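Q: have a look; sequence and predicted model below, questions after that.
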Amino acid sequence: MLGPTAHDDAFARDSLPPRDQWLDFVVDGHQNPDALNPAAELTDRLGERGSGARTALIGHERPRTCKNVSDRTNLRARSASRRPSRRRRPARPSASRLGSLA
């Protein structure tokens, strides 16, 4: 049975064949989790498994390790999850308006 999803677009789920036509993937000694976070698996878990020093990406001729990619994605995720303050600075009067105030 399919569990809940965080995706708003249900095209893939709605396009699945009937359940009795699904394939059974059986791997001895392996149980798939009910939920999987691909970003965490591709960044955090690689570092936890000892691959943190391996090159994950090369961009702008600079290699980035699995640990570096993990740290950067976690930093961005934390900053994205914090809502920025919506306080607006008071509007400064324009130069033309300042002249009319004098």
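A: Yep, that arrived.

Q: pretty sure residue 54 contacts residue 66?
A: Yes. Applying CB atoms under 8 Å, one finds residue 54 in contact with residue 66, separated by 5.4 Å. Where you see a C-beta, it was placed from the backbone N, CA and C, and this is true even at glycine.

Q: show me the residue sitting in the middle of this structure in space.
A: By CA atoms, centre = their mean, the chain has its centre lying nearest to residue 39, at 5.9 Å.

Q: rewinding a little: neighbour-wise, which of residue 54 and residue 66 wins?
A: Neighbour count, other CB atoms under 10 Å: between residue 54 and residue 66, residue 66 has more, with 23 against 12.

Q: my read: the more buried one touches residue 48, true?
A: No. Residue 66 is not in contact with residue 48 according to CB under 8 Å; the separation is 9.9 Å.

Q: which stretches of this protein form helices?
A: Taking DSSP state H as the criterion, the chain contains helices spanning 11-14, 38-42, 44-46, 66-81, 95-101.

Q: show me what the longest one is packed against.
A: When you say that, I think you mean helix 66-81. helix 44-46, strand 55-59 (3 or more CB pairs under 8 Å, 6 or more residues apart in numbering; DSSP states H and E).

Q: now tell me which helix or strand of this protein has the poorest mean pLDDT.
A: Every helix and strand of the chain was ranked by mean pLDDT, DSSP states H and E. The lowest is helix 95-101, at a mean of 55.

Q: show the pLDDT at residue 3.
A: With respect to pLDDT, residue 3 scores 75.
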